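how does the following fold in three dimensions:
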Amino acid sequence: MNIVENFSKLHDNSMLWPGIWLLFGFGLPEWYKIRSIDSCITRKINKDPDDNSKWYAYSHAIVYEAHVDEKLNSRSFDVIRPDYDEFVEFVYRFETDEGLLKPPLVLRAPKDYSLGLLRFEVHILAKWFLEWSNNLEGWSYIKTSIETHSPDVEIIECGVCLHYWNTTRELYSQIGPQYQYAIDVVHYLANCYRRSVSPATEPPCFF
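Down below sits the predicted model:
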């Protein structure tokens, strides 16, 4: 399954919701309690028999910046990746009690040296993980490692959080106002995936 097919499958089932933010003097939102300056981060999962306390979505955020590297000759990438100067690919590898989940999730984000710090977030519903899991309820952690093959892109910080049914409205009230500052997701996806998918303009509703 290639990147476009993988993304299309996720989107068609409302399982993936990406977003991009320009950062003006701030980094990760406060609801990202688990943070790391490394590209690898782990979120422990509390097991609770109460259905209202079960997690239904996983969010991962990356604060990154593209730097001008005069020693880097991107022309060598032109044949294989003609859009190398425009986008960075983030490769997400998820590890759980069941081991490394396959295949990895690959998403593109803008790479613009003039924009400064950017935040890229992806929100994934639990049912996406069910596609690759035999025992989702038995998980005690999700470890996420991020890779990028762009030497001119620096990952500044990562953050993760789990969304639970009993805190959905509270979280949505915090996230909602942030999206007025977001880059148009439709325009972003159209460029990243060359109009191979038709993303919705509204995020999925969980309640």
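
measure stretch 89-105 end to end?
Stretch 89-105 has an end-to-end distance of 10 Å (criterion: CA to CA, to the nearest Å).

residues making contact with it?
1, 6, 60, 62, 106-109, 120, 122, 124, 129, 132-135, 138-150 (CB atoms under 8 Å, 6 or more residues apart in numbering). All C-beta spots, glycine's among them, are computed from the backbone N, C-alpha and C.

buried ones only from those, please, as a PyMOL command.
To isolate in PyMOL the members of these that are buried, counting by 16 or more other CB atoms under 10 Å, one can use:
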select buried, resi 6+60+62+107+108+109+120+122+124+129+133+139+142+144+145+146+148+150
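
among the contacts of stretch 89-105, name the ones in strands.
With strands taken from DSSP state E, the overlap with these comprises 60, 62, 106-109, 120, 122, 124, 141-147.

tell me the one of these nearest residue 88?
Ranked by distance to residue 88 (CB to CB), the ones in strands among the contacts of stretch 89-105 are led by residue 109 at 5.5 Å.

surely the closest one meets residue 121?
No - if you go by CB atoms under 8 Å, residue 109 and residue 121 don't touch, sitting 9.9 Å apart.

so what's residue 63 up against?
Listed by CB under 8 Å, 6+ apart, the contact partners of residue 63 are 23, 27, 28, 117, 118, 119, 155, 156, 157, 158.

among those, which lie within strands?
118, 119, 155, 156, 157, 158.

bridging residues for the nearest residue to the first one once chain neighbours are set aside?
Okay, so that is residue 118. Excluding its sequence neighbours, the residue lying closest to residue 118 (CB to CB, 6 or more residues apart in numbering) is residue 64, at 5.9 Å. Counting by DSSP bridges, residue 64 forms beta bridges with residue 118, residue 155.

residue 64: how many residues sit nearby?
The number of residues packed near residue 64 is 23, by other CB atoms under 10 Å.

surely it is in contact with residue 109?
Yes - with contact defined as CB under 8 Å, residue 64 reaches residue 109; the gap is 7.5 Å.

so for the closest residue to residue 87 other than its chain neighbours, what's the pLDDT?
Nearest residue to residue 87 in three dimensions, chain neighbours excluded: residue 108, at 4.5 Å (CB to CB, 6+ apart). Per-residue pLDDT puts residue 108 at 87.
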